[in-house]
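Asks: Fold the following and give me the result.
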Amino acid sequence: MAEDLVVVEGVVPARGFKTNVRDEVWSYALDQRAWGPRRLTVAFADRRGTFRAMANCRRTEPFTIGLAACIAHLGRGAAAAVALNDEEVRPGPVDLDALRTRFELARSVCAAAGIHLVDWIGCDDDNFRSTRMAIDHEGEWWDVPRRTA
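Replies: Below you'll find the model as predicted:
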């Protein structure tokens, strides 16, 4: 397989299946490795958080390639997304500037498709970290803007 080819797998809900990304995101983080190691998973939702789809691919360098591929495959039409990236998460202080820079870049990739990135969650075998909570621990986590006319 070519290095520049990104294979995206995914799931979409069957008729009648109801779950909410806002309520289930921590379960997704705990189970992110079910897709395998070194993977990026993106959960897509409507404004209220109703699950629409989940896409998954290998981590790419830069990460924006994999994120854009997940959006192109299953994200179109979603209002919100949460990215879960299998990466090392060390307990303790973090480089907030680096987290903020990556998060803003990831948000810009999603925004280009009309999607609001709620969070980038780093996950490994033992830990996970919400970028959104690390850089703005007092703000509302589900910060999807209201629809504008």
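
Asks: Buried ones in the top helix by length along the chain, by neighbour count?
Replies: Taking DSSP state H as the criterion, the chain has its longest helix at helix 96-111. Residues 99, 102-103, 106-107, 109-110 are the ones in helix 96-111 that count as buried (16 or more other CB atoms under 10 Å). For the C-beta atoms, the positions are set from N, CA and C on the backbone; glycine is no exception.

Asks: same thing with stretch 14-24?
Replies: Judged by neighbour count using 16+ other CB under 10 Å, the buried positions of stretch 14-24 are 21-22, 24.

Asks: and for it, what are the contacting residues?
Replies: 13, 28, 43-45, 48-51, 80, 82, 142 (CB atoms under 8 Å, 6 or more residues apart in numbering).

Asks: contacts for the one helix or strand Thr64 maps to?
Replies: Here Thr64, judged by DSSP states H and E, is contained in helix 63-70. Contact with helix 63-70 is made by 6, 8, 10, 40-42, 55-60, 83, 85, 102, 105-106, 109-110, as judged by CB under 8 Å, 6+ apart.
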